[in-house]
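Colleague: Here's my sequence, what's the structure:
(3 chains)
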Amino acid sequence: MTTADRQASRDVVKHSARHEGPQKHIIVFIFSIILTAIAFAAVAAGGVNPAFTVILLLAMAVLQVFVQMGYWMHLKDRGHMMPILFMVGGFFIAGTAIVMALYWVWW
Amino acid sequence: MSATHADGALPQEPEKATLEGRNKVLGFWLFLGGEAVLFGTLFATFLALRNQTNEGPTANELFHLPMTAAATLILLVSSLTSVFAVQALHRHKVAALRVWLMVTVLLGLGFLGLEIYEFADYVTAEKFGMTTSAFSSSFYTLVGFHGAHVAFGVLWISVIIGQLFKKGLTVVTAPKVYVSAMYWHFIDVVWVFIFTVVYLLGKVG
Amino acid sequence: MAHAHSVKRHKGLMDWLTTVDHKKIAILYLLAGGLFFGIGGIEAILIRLQLIKPMNDFVSAQTFNELITMHGTTMIFLGVMPVIFALMNAVIPLQIGARDVAFPFLNSLGFWTFLFGGLLLNLSWIMGGAPDAGWTAYTPLSTHTYSTTHGVDFYTVGLQIAGLGTLIGGINFLATIITMRAPGMSFMRMPMFTWTSFITSAMILFAFPAVTVGLVLLSFDRILGANFFEVANGGNPVLWQHIFWIFGHPEVYILILPAFGVISEVIPTFSRKRLFGYSSMVFATILIAFLGFMVWAHHMFTTGLGPVANALFSIATMLIAVPTGIKIFNWLFTMWGGQIRFTSPNLFAIGFIPTFVMGGVTGVMLASAPADYQFHDTYFVVAHFHYVIVGALVSGILAGLHYWWPKMFGRMLNETLGKLSFWFFIIGFHLTFFVQHFLGLMGMQRRVFTYLPNQNFDTLNLISTIGAITMGIGVIFFLINAIVTATKPKGVANDPWEDGRTLEWAIPSPPPEYNFKQIPLVRGIDAYWKEKMAGNKEMTPAEPIGPIHMPSPTILPFVMSVGIFIAGLGFMFSKESFSNSFMSLIFNNWIVVIIGLVITFGSMLLRSLYDDHGWHIEVEELEEEGVKA
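Modeller: Got it, this is the predicted structure:
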């Protein structure tokens, strides 16, 4: 039994106490659909201030990703510290690359 | 320790019952961290080159929102069906698990069909190929990498369905299901950014 | 146990091709790394021979370009990386008290993928010319327009394949360190080498995907006619520089951090003191890794990013001196008041410190953007990065190899030869590169294949070449040492240096297949030392003796890598016009690519379909061997 073994077996005990239904995931799905619909509608409607649209679209996308990764990929559950750490790391480096592309490629 | 569960009753979360299973799930998370950088760099490339149309078609001229919306809906629903698959896994309902995975695969195929149709339309009708402009190269590379991930996912999940028929649900097959579901969600997450950054922002200009 | 699977145990060559044992994979990494290190070293000597005198015509300008490109690429990706992986494979599972790595199959796959990527890259020498656009392959020099041979294709495809192997290895070590630690081995009790390897693996995970994308883009430009870097069609060459260095700068920290780890193991052992400032060492390592990702544009000060960007990257770069300084002082304070023994590993470790400080100081000089306009692309830069990558990093690697050699092979290296190789290496190194600072300041450009006489370059270049040969002699002494030692009988003690502090010294040298008969209980930092000080001869076990589960050997990783290799070759030559109609049939119709991918994915399928139940070493067998755990 390694340290991780014992940690995980504790997790299993914790989890088995909980019987999750599909409701939560359907709510996440509906929420995602709404966020997506807002984004598409904002673009389809046109006429909205472009700068505002950009911020709105990005906010919808980030929110949707947060919710899906939290619930569907179980990142909000116990025992996910390492996954969160490495996903945050990956997204951070990805963000660095995007800042590079937006500000330091053309001048 | 790992072998004891294999013959007896399955634990609540069979994907995490063995050290191998837990390692697999953790290792796959690490891999997804690397994938985030991979797609981040592809997004960066696309963002840097999105206006370099070389007198070819622009994003605004090319993209049709209804098609993107359809593809988005398909992938979102498939992400939900793979959640249901994992729930069936936790309830040890192998039949339901197989059905949900099959639905996921079919939706994935539908998404791929739409994407192939879209690319073919761009190449033939719009004269928008890989070599047209820097914008076209970065568009096809980013969206194509995502499409290749979907295609690999479809093949992978199909193989797992086959194993579920042959071997049933065990502490060996369960982590495979769980990990493929993680992969599928991640593909959906990437698509959220693709439809936002490539298609919708492309329309906004 | 319920399962008694019989497993075929291979012998000879098949044993090595199919092994999933981290200790054997370590030796494979060492052999492959040694091979490529030798190739890169010969290239270095040829470069120095060409520059020994002005207007030399020892090699042509084209060959010189190929030599410098392949020297850099080979040394960084195929020389030192695998030797570091060799040390990590050999030591980490032992240091954390584990029987194996988290993914033995992936471990093997990572090695074979790396090896076939490296072989593909080096095939370029006999298949129409090596890459010649520098190890950084800057566009537009490396694009189709200016580089019409297949050289750069070998670079893009070979490095993608080798990089995939490195990435797989990185993920394996991360998972191993996270999940396989023995009871009591908390993160803050891990030996420093394990810590630095952990951070290095995390950097590999985040840096290598970026270069993979860069290489994909470049190969799409060259082979599929894409326009990422083609200015005429809207592309941007600066994008390549950014993507390359977003990977490339972390890469140099990926290389040096494990060397820091080695030094942090060797110095306490031979000072008979615990490492000074363990927590600050951990913190400094993490900080260096973070800052390492934030400074890539300091390679591009002269590109014209503007004063704001240059200032930001300047400051961020100088900041790295702080955690690095912490490390230097910690090593010095560890030695302070210790009972220092000047064994050959310790000589390399002590030689590391001043050499690295010198490389670090020139690094801070280069970090100043205005000054960099003067230094850029001169021999000053060459001197700087060789101080950190050769003087420091290779010293660190040699320290580690001398230190862990008895653990890996069960035989002590000869101390006299070890000391000879140290003195030749360090004197040769400083002769070669110290003078290059001044060559650079006097205006000698890097990457020039020759120079005119009477510019004050002549003597310094001669000294530099003599130094390079001296350094080469030092490496040859090490090789002789390795060969001589291999002929001696095995049988060193568990703890041959007698002052071992960490878990690897608690088990036999070399360790049995399963490493620990019983997983040890860890009761503090320097777990083995702690037990020794408490008067115990061995570690307290954390479990009763029981059958040990082992993974089965498999040829699939090797086959998968062959498949990727074939697919890579097929992709490179897909647009080639062949005179032979059969060749054009199979290459131009992507048939070779498809065959390669079928081999690879077919092997993956086989791996997935047939469960590997592994096999067990039974209790009786463990007791028969009479091994002290």
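Colleague: give me every residue that touches the residue in the stretch 501-629 of chain C that chain B sits nearest to.
Modeller: In the stretch 501-629 of chain C, the residue that lies nearest chain B is C:D611 (5.1 Å; C-beta to the nearest C-beta). Any C-beta I mention is one placed from the backbone N, CA and C, and that applies to glycine too. Residues in contact with C:D611 (C-beta atoms under 8 Å, 6 or more residues apart in numbering or on different chains) are B:K167, B:V172.
Colleague: Number of residues surrounding C:T416?
Modeller: 11 (other C-beta atoms under 10 Å in any protein chain shown).
Colleague: does B:S133 really touch B:T58, like I thought?
Modeller: No - judged on C-beta atoms under 8 Å, B:S133 makes no contact with B:T58 at a distance of 9.4 Å.
Colleague: what does chain C have sitting close to chain A?
Modeller: C:98, C:174, C:178-186, C:202, C:205-207, C:210, C:236, C:238-239, C:242-243, C:246, C:293-294, C:297, C:304-306, C:309, C:519, C:542-543 (C-beta under 8 Å from any C-beta of the partner chain).
Colleague: ChimeraX command for the buried members of the residues you listed?
Modeller: This is the ChimeraX syntax for the buried subset of those, where burial follows 16 or more other C-beta atoms under 10 Å in any protein chain shown:
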select /C:98,174,178,179,180,181,182,183,184,185,202,205,206,207,210,236,238,239,242,243,246,293,294,297,305,309,519,542
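Colleague: now, which of the residues of chain C next to chain A lie within helices?
Modeller: The helices, defined by DSSP state H, take in C:174, C:178-179, C:202, C:205-207, C:210, C:238-239, C:242-243, C:246, C:309 from the residues of chain C next to chain A.
Colleague: Identify the farthest-apart pair in these.
Modeller: For these, the farthest-apart pair by C-beta to C-beta is C:T179 and C:V238; their separation is 41.6 Å.
Colleague: Where does pLDDT dip in chain C?
Modeller: Counting by pLDDT under 70, chain C shows low-confidence ranges at C:1-8, C:625-629.
Colleague: Strands of that one, start to end?
Modeller: Remark: strands assigned in chain C by DSSP state E are C:548-550, C:615-617.
Colleague: Out of the ones you listed, which one sits most buried?
Modeller: strand C:548-550 (a mean of 20; mean count of other C-beta atoms under 10 Å in any protein chain shown).
Colleague: and that one, which strands flank it?
Modeller: Using DSSP bridges, the strands paired with strand C:548-550 are strand C:615-617 (antiparallel).
Colleague: how about C:H402, what does it touch?
Modeller: By C-beta under 8 Å, 6+ apart, the residues touching C:H402 are C:T343, C:S344, C:P345, C:F348, C:L413, C:G418.
Colleague: now swap in C:A527 and tell me
Modeller: So C:A527 contacts C:G97, C:G184, C:M185, C:R189, C:T502, C:L503, C:A506, C:P520, C:M539 (C-beta under 8 Å, 6+ apart).
Colleague: In chain A, which residue is most central in space?
Modeller: Taking C-alpha atoms, centre = their mean, the centroid of chain A lies closest to A:F66, which sits 2.3 Å from it.
Colleague: and that one, that's in a helix?
Modeller: Yes - assessed by DSSP: H, G, I helix; E, B strand; the rest coil, A:F66 belongs to a helix.
Colleague: B:S133 and B:T58: who's more crowded?
Modeller: Neighbour count, other C-beta under 10 Å: between B:S133 and B:T58, B:S133 has more, with 26 against 16.
Colleague: before we move on, back to that, tell me which two of the contacts of C:H402 sit farthest apart.
Modeller: The distance between the two most remote of the contacts of C:H402 (C-beta to C-beta) is 11.6 Å, for C:F348 and C:L413.
Colleague: Looking at these two, which is more packed in?
Modeller: Neighbours per residue (other C-beta under 10 Å) separate C:F348 from C:L413, with C:F348 holding more: 28 against 23.
Colleague: Spit out the contact partners of that one.
Modeller: By C-beta under 8 Å, 6+ apart, C:F348 lies in contact with C:V266, C:S395, C:G396, C:L398, C:A399, C:H402, C:F422.
Colleague: Nearest to chain A among those?
Modeller: For these, the nearest to chain A is C:G396 (25.5 Å; C-beta to the nearest C-beta).
Colleague: tally of neighbours for the closest one?
Modeller: Neighbours of C:G396 (other C-beta under 10 Å): 29.
Colleague: go on, B:I116?
Modeller: Using other C-beta under 10 Å, B:I116 has 12 neighbouring residues.
Colleague: Can you point out the buried residues in the host helix or strand of it?
Modeller: Assigned by DSSP states H and E, B:I116 belongs to helix B:94-125. For helix B:94-125, burial by neighbour count (16+ other C-beta under 10 Å) applies to B:97-101, B:103-105, B:107-112, B:114-115, B:118-119, B:122.
Colleague: Which member of the contacts of C:F348 is positioned nearest chain B?
Modeller: Chain B has its nearest neighbour among the contacts of C:F348 in C:G396, at 25.9 Å by C-beta to the nearest C-beta.
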